[in-house]
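Q: Next one to model:
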Amino acid sequence: HKDRNETLLELLSILQQAQKEEGNVLIPAFAIERAQELLYEVNLFTENRLLSGLPFYVDSPMASKSTAIFRQYPDFYDEDAKRLLKKGDDPFDFPGLHMVEDVEESKRLISKRGIVIMAGSGMCTGGRIVHHLKNNIENSKTHIVFVVYQVKGTLGRRIVDGEKVVRIFGQEYTNNAQIHTLGGFSAHADQHDLMYWLGSFGHTPKEIFLVHGDETVSSNFAKKVNTELQIDTYVPNLNESIELK
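A: Okay, the predicted model is just below:
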């Protein structure tokens, strides 16, 4: 994964550029945790006067309700968030933030320019983000920011892979948008973290099965584990049965 600070600087740069161009920013995101994480970071941009006057719409009833629940449990915040609270700053709120729950209000976003829209689903397989993609993807000033891993076969993955024409609601749209993938927001352990974890066992496992991830990535990681940790590692095929002795 990309360094966290690099990821935040990239996000800030995208938002600043879009604001300057009066282009819309679309962020497909999970409604729970990822949405709140992004609100927290944008709030910090605002507090540090790196960003101002940018309308930010969270177009997700679930994200809105989830954020309200996050606010009820400040005892679980980390020390940085607690310090913000002591200063009187809500970590999940900033000037220009709008929580959209009503469907009609969501539809009215079609006519707006120079705004940020965060909505689910994270992989663009449903939800309100699909409508916003349909309305914005052909505009070259549109920025689509992916902060969630996109599984192969999803609309989000097709956009990330650079397909020039994508099908949305049965119609074809030309993808003229500027695409950004911010892997630094991933909640999954990366290769470095997994190697550290595997090397921390009190006794070495006899064999490791890699059953999650893209095929090429899994194969390369299996070779790395085998070479550096001297552990037998295997990537099973779909529906393959393996007998453990």
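
Q: how about low-confidence regions in the protein?
A: Across the chain, residues meeting the criterion (pLDDT under 70) sit at 1-2, 186-187, 202.

Q: max-length helix in it?
A: As assigned by DSSP state H, the longest helix anywhere in the chain is helix 4-21.

Q: Run through who's touching that helix.
A: 2, 23-25, 41-42, 45, 50-51, 53-54, 114, 116, 141, 143, 145, 180, 182-185 (CB atoms under 8 Å, 6 or more residues apart in numbering). For the C-beta atoms, the positions are set from N, CA and C on the backbone; glycine is no exception.

Q: Direction included, what does the next helix or strand after that helix pair against?
A: If you walk from helix 4-21 toward the C-terminus, the next helix or strand you reach (DSSP states H and E) is strand 25-28. Its sheet considered, strand 25-28 pairs with strand 116-119 (parallel), strand 143-146 (parallel) by DSSP bridges.

Q: Out of those strands, which one sits most buried?
A: Relative to the other members of the strands paired with strand 25-28, strand 116-119 carries the highest mean neighbour count by mean count of other CB atoms under 10 Å, namely a mean of 26.

Q: which phi and psi does the residue nearest the centre of the chain have?
A: Computing the C-alpha centroid of the chain and ranking residues by CA atoms, centre = their mean puts Val147 first, at 2.0 Å. Dihedral angles phi and psi of Val147 (degrees, to the nearest 10) take the values phi -120, psi 10.

Q: Contact partners for the residue lying closest to it once chain neighbours are set aside?
A: Distance criterion CB to CB, 6 or more residues apart in numbering; nearest residue to Val147, sequence neighbours excluded, is Phe185 at 4.2 Å. Listed by CB under 8 Å, 6+ apart, the contact partners of Phe185 are Thr7, Arg34, Glu37, Leu38, Val147, Val148.

Q: Glu47 too?
A: Residues in contact with Glu47 (CB under 8 Å, 6+ apart) are Leu84, Asp89, Phe94.

Q: For my notes, confirm the first one occurs in a helix.
A: If I follow you right, that is Leu84. Yes - remark: Leu84 belongs to a helix, assigned using DSSP: H, G, I helix; E, B strand; the rest coil.

Q: where does it sit relative to Asp90, distance-wise?
A: Leu84 sits 8 Å away from Asp90, going by CB to CB, to the nearest Å.

Q: what comes up buried for the longest helix of the chain?
A: Buried residues in helix 4-21, counting neighbours by 16 or more other CB atoms under 10 Å, are found at Thr7, Leu8, Glu10, Leu11, Leu12, Ile14, Leu15, Ala18, Gln19.

Q: now these in CSV, with distance to Leu244?
A: Compiled in CSV, those are given as follows (distance: CB to CB, whole Å):
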residue, distance to Leu244
Thr7, 39
Leu8, 44
Glu10, 44
Leu11, 44
Leu12, 49
Ile14, 47
Leu15, 50
Ala18, 52
Gln19, 56
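
Q: Among these, find me the one that's closest to Gln171.
A: Of all the buried residues of helix 4-21, Ala18 has the smallest distance to Gln171: 25.3 Å, by CB to CB.

Q: Reformat the strands paired with strand 25-28 as TSV; add distance to Asn239.
A: Supplementary listing: these in TSV, determined by distance: least, CB to CB, whole Å:
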stretch	distance to Asn239
strand 116-119	35
strand 143-146	30
